[in-house]
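> Dropping a prediction and its sequence here:
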Amino acid sequence: MLLKRTLFTVFVIVSSLMGPACTRAGEEGTRFIVLGDLHFGITDQDEFREIAAVINSYGPDMVVFLGNGIDLVGERPPLDISQYDTLTAFRRGEKLNRKQMLFLDSEFREVAETIDAPVYGVTGDRNIPANNPDLAERLFLDRYGKRYYSLVMGNNLFIMLDSEQDNTAGLKQRGHISGEQLEFLRDKLEDADKYDNVFVFMHKTNWLEPSEKEKRLFDMLHRELAGRADHVFTSGEFVLDRMEKDNVTYITSGGNPNWETMKPFPSFFHFLIVDADGQDVEIKVVPLEPVKIEDLVVSQYNLARRGGSLEQKIWLDNPLRVSMLEPGDIVSAVAPDKGDAVLDLGAGTGIFTFIFAEKVGPSGKVFATETSKSLVKHIEQEAEAEGFGNIEAITVKSEGVDPFYAGHRFDIIFLCDVYELIERPVEYFSELRRSLVPGGRMFIVYYRFDSDFTPLEFRETESLKQRLGLEEEDFPLYSRLSAATVNSLRDGEGPLTGGQVAELTAELNDILDDRTLFPELVEYYGAKRTSTGKMIYRFIHPKDIALVEWLVEYLEDRDAFSPGREISPRTRKQLRRLNRISLAGIFRNTTLYDIFRVDRLGYVDDTQVISDMEKAGYEFTGRRDTLRYHYILEFKNGSPKSSRGEIHEQ
């Protein structure tokens, strides 16, 4: 096949103020529009009508929905979009009934018919949900005839694949093209040389940060496409990405009008315009609203998922995360002296590094270590730009104690949200202790499982009101909240006011110590035991199921659900943790997952951290609990005196 010429450009267009900004590729060319992850049902009819009007303004010959054009899973009205996860919905048993499905389908068709071009689509995990597929599949077949198919337009071959053909409710086989569909694909590709271009469309993306299984599936598909297909369009990820391999251009294009609430990963709602004029193909990106340049650049390079570094930087520098960490207060508590040598272990983007550098002054030094070379480079560039001559950024190995540490001595070793990433912490910190000067201090900033709720977690309250407004009168939370707060949640439109949010968080924090809340929630929502003996609590986030099982057993063993029995402070902390997890699950509030990745913390609490550090030879000197979401744990080294800073071998 001849090498094709592809242009990939980005236009930021305010569609309500501007007319069509893209001219046709040529009189004989073919123009089509590609739209990923519309999720009609979460996206409402008015939003879809606006999108359809903009699409019409560009005069396409056809439109392709990359799966999930219509969303039939069962989360309507829209809930907290940050919890918008198919597997979560399946595990909660959420389904639309026949009437709801038919209503959504008719609404979708009503708007789709206003598009002045044929509309095609591919299967997705939410327009044919694996836990409720029968009617959804019939509706899809009524529109397109088959789950996979092809068509020809303007000497271009369009192949629509079914990435969900082997899908199950466990979402284990997504992206698998096999059997008759694989033979269909091979048959169509046999004639690839007859066409100017071969365009392939499917929903599931298996090449962005792939698991081993996804990588195998992608490699299998790529072997079929290499040398035959020109462009492959997918969605399934709310990002914009372009990758070339063996002259095949893979483009991931996903977005949603409600995406702005799905931080910390920046993206924007958009569609693609593809102009094919002979073998020349030009692809343009059309946002539906103005896009900040940093979001546009990050999205185009797909959050650097193949390297991981930029995605890390986005997460680490998220303003909400920085605000919740309270770095100024943390550094003030550590209180380094002028001239100190400080190790910022796992420094990330240097949130603490630069504050430490100001505190220790020119006579001191801050060593910022990271396993990511790009993050180290970022700190180096920032230090140079800001004129910090007392910062040294070092790349260290990801396993074990790096040799760099053995060659230096530090007055302070500091780590924040890092302890939980270290395997065999007793062994690790025992070896690292040799790098801490006698009397030197170790500070570990560790997440507080029993933290109070704060207004920062309730920035988007309309979906919270929608969800709680569906609860029955005997909902256990209602009897524990004031009448004014219940009314604010159930009545009226629009978000909660700042005062209402403050009142809600204060009342929720009083409830965290409630010893009968969890049993009443179980009775209200119901729970079931699987064939393997696992308990499924319908109101618990799936990531927390195993932890909740452990917490329930722990608390039952200590009779913590009986109000009249005395319980220890540690048991009370675990009770608060269970109640907090329960309420966050009901609210579908994943803020702490997004900001602090708390699901990776497992069962280790601050008491266990202290025990591990004492086994490693440190003296525990205090726990500071003045922060909203973290403890500051302080330890002291009592090893024999030696020099500090860099070690010079004799």
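Okay, I see it.

> What about S57, how many residues nearby?
17 (other Cβ atoms under 10 Å). For glycine as for every other residue, the C-beta is placed from the backbone atoms N, C-alpha and C.

> can you check V522 too?
For V522, using other Cβ under 10 Å, the count is 18.

> mind checking how far the helix or strand harbouring it is from the chain centre?
For V522, the enclosing helix or strand under DSSP states H and E is helix 517-525. Its chain's C-alpha centre and that of helix 517-525 lie 29 Å apart, by Cα atoms, centre = their mean, to the nearest Å.

> Likewise for stretch 187-197?
When distances are taken as Cα atoms, centre = their mean, stretch 187-197 is centred 38 Å away from the chain's centroid.

> Show me what counts as buried in it.
Neighbour-count burial for stretch 187-197, counted by 16 or more other Cβ atoms under 10 Å, picks out K188, L189, A192, Y195, D196, N197.

> Show me those residues that map onto strands.
Counting by DSSP state E, the buried residues of stretch 187-197 place N197 in strands.

> Reformat the buried residues of stretch 187-197 into CSV and put distance to K377 and pLDDT next to each item.
Formatted as CSV, these follow (distance: Cβ to Cβ, whole Å; pLDDT from 0 to 100):
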residue, distance to K377, pLDDT
K188, 45, 95
L189, 42, 95
A192, 42, 92
Y195, 44, 95
D196, 43, 94
N197, 39, 95
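
> got CSV for the buried residues of stretch 187-197, with distance to L217 too?
Formatted as CSV, the buried residues of stretch 187-197 follow (distance: Cβ to Cβ, whole Å):
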residue, distance to L217
K188, 19
L189, 18
A192, 21
Y195, 26
D196, 29
N197, 24
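
> Out of the buried residues of stretch 187-197, which comes closest to E614?
The shortest approach to E614 among those belongs to L189, at 64.0 Å (Cβ to Cβ).

> And for the closest one, nearest residue in space, chain neighbours not counted?
Distance criterion Cβ to Cβ, 6 or more residues apart in numbering; nearest residue to L189, sequence neighbours excluded, is R228 at 4.2 Å.

> Which helix or strand contains R441?
Secondary structure from DSSP H and E places R441 in strand 436-447.

> Can you tell me the strand partners of that strand and which way each runs?
Counting by DSSP bridges, the strands paired with strand 436-447 are strand 408-416 (parallel), strand 630-636 (antiparallel).

> buried residues in that strand?
Applying 16+ other Cβ under 10 Å to strand 436-447 flags L436, V437, G440, R441, M442, F443, I444, V445, Y446, Y447 as buried.

> how about the helix ranked longest in the chain: buried residues?
When the chain is parsed with DSSP state H, its longest helix is helix 569-587. In terms of neighbour count (16+ other Cβ under 10 Å), helix 569-587 has its buried residues at 571-587.

> Identify the residues contacting that helix?
Under the contact criterion Cβ atoms under 8 Å, 6 or more residues apart in numbering, helix 569-587 has outside partners 80, 449-451, 453, 464, 467-468, 477, 508, 511-515, 517-518, 521, 537, 539-541, 544, 547-548, 551-552, 554-555, 558, 560, 567, 590, 592, 605, 607.

> ok, what's across the strand from K365?
Per DSSP bridges, the residues bridged to K365 are A341.

> Burial check on it, number of neighbours?
There are 23 residues near K365, going by other Cβ under 10 Å.

> Assess the claim that it and G389 are in contact.
No. In this structure K365 lies outside contact range of G389 using Cβ atoms under 8 Å: 9.3 Å.

> how many other residues sit next to S178?
Using other Cβ under 10 Å, S178 has 13 other residues around it.

> That one touches Q165, doesn't it?
Yes. Using Cβ under 8 Å, S178 is in contact with Q165, at 7.3 Å.

> Pull the number of nearby residues for the residue lying closest to P287 once chain neighbours are set aside.
Closest residue to P287 apart from its sequence neighbours, by Cβ to Cβ, 6+ apart: H270 at 4.6 Å. H270: 26 surrounding residues under other Cβ under 10 Å.

> what do you get for V286?
Residues near V286, counting by other Cβ under 10 Å: 23.

> my read is it is in a strand, agree?
Yes. Checked against DSSP: H, G, I helix; E, B strand; the rest coil, V286 lies within a strand.

> rewinding a little: what's the most distant pair in the buried residues of strand 436-447?
Maximum distance among the buried residues of strand 436-447 (Cβ to Cβ): 28.0 Å, for V437 and Y447.

> dump the residue contacts of A53.
Taking Cβ under 8 Å, 6+ apart as the test, what A53 contacts is T114.

> do the same with T454
By Cβ under 8 Å, 6+ apart, T454 lies in contact with M324, T505, R628, Y629.

> quick one: the first one from S430, how far?
Spelled out, that is M324. 31 Å (Cβ to Cβ, to the nearest Å).

> just checking, the residue nearest to P287 touches I251?
No. At 11.7 Å, H270 does not count as touching I251 under the criterion of Cβ under 8 Å.

> so R174 makes contact with E164?
Yes. Under the criterion of Cβ under 8 Å, R174 makes contact with E164 at 6.3 Å.

> which of those two has more neighbours?
E164 (28 against 23).

> Ramachandran coordinates for that one?
Dihedral angles of E164 (phi, psi; degrees, to the nearest 10) stand at phi -110, psi 20.

> Now for it: which residues touch it?
Counting by Cβ under 8 Å, 6+ apart, E164 makes contact with G67, T123, G124, D125, I128, A130, R174, H203, K204.

> repeat for I159
With the criterion set at Cβ under 8 Å, 6+ apart, I159 makes contact with Y148, S150, L185, K188, L189, V198, F199, V200, F201, A229.

> Tell me if it really is in a helix.
No. Per three-state DSSP, I159 lies outside any helix segment and is strand.

> So what sits opposite it in the bridge?
Residues in beta-bridge contact with I159 (DSSP bridges): S150, V200.

> Tell me how far it lies from V198.
Counting by Cβ to Cβ, the gap from I159 to V198 is 7 Å.

> And T461, by the same measure?
On the measure of Cβ to Cβ, T461 and V198 end up 48 Å apart.

> When those two are compared, which one has more neighbours?
Using other Cβ under 10 Å, the more surrounded residue of T461 and V198 is V198, with 25 against 21.

> Just to check, the more buried one is in contact with L157?
Yes. Using Cβ under 8 Å, V198 is in contact with L157, at 4.7 Å.

> So for the two, which residues contact both of them?
Looking at what touches both V198 and L157 (by Cβ under 8 Å, 6+ apart), the common residues are A192.

> related to what we said a few turns ago, average model confidence for the helix holding V522?
Averaged over helix 517-525, pLDDT sits at 92.

> orientation of it relative to helix 569-587 in degrees?
In terms of direction (axes from the mean of the first three to the mean of the last three Cα atoms, to 10 degrees), helix 517-525 departs from helix 569-587 by 30 degrees.

> how far does stretch 217-234 stretch from start to finish?
Taking Cα to Cα, to the nearest Å, stretch 217-234 runs 14 Å from one end to the other.

> what's the answer for stretch 475-489, then?
Length of stretch 475-489, first residue to last, Cα to Cα: 13 Å.

> Going by neighbour count, list what's buried in that stretch.
Residues F475, P476, L477, Y478, R480, L481, T485, V486, S488, L489 are the ones in stretch 475-489 that count as buried (16+ other Cβ under 10 Å).

> Fine, thanks again, bye for now.
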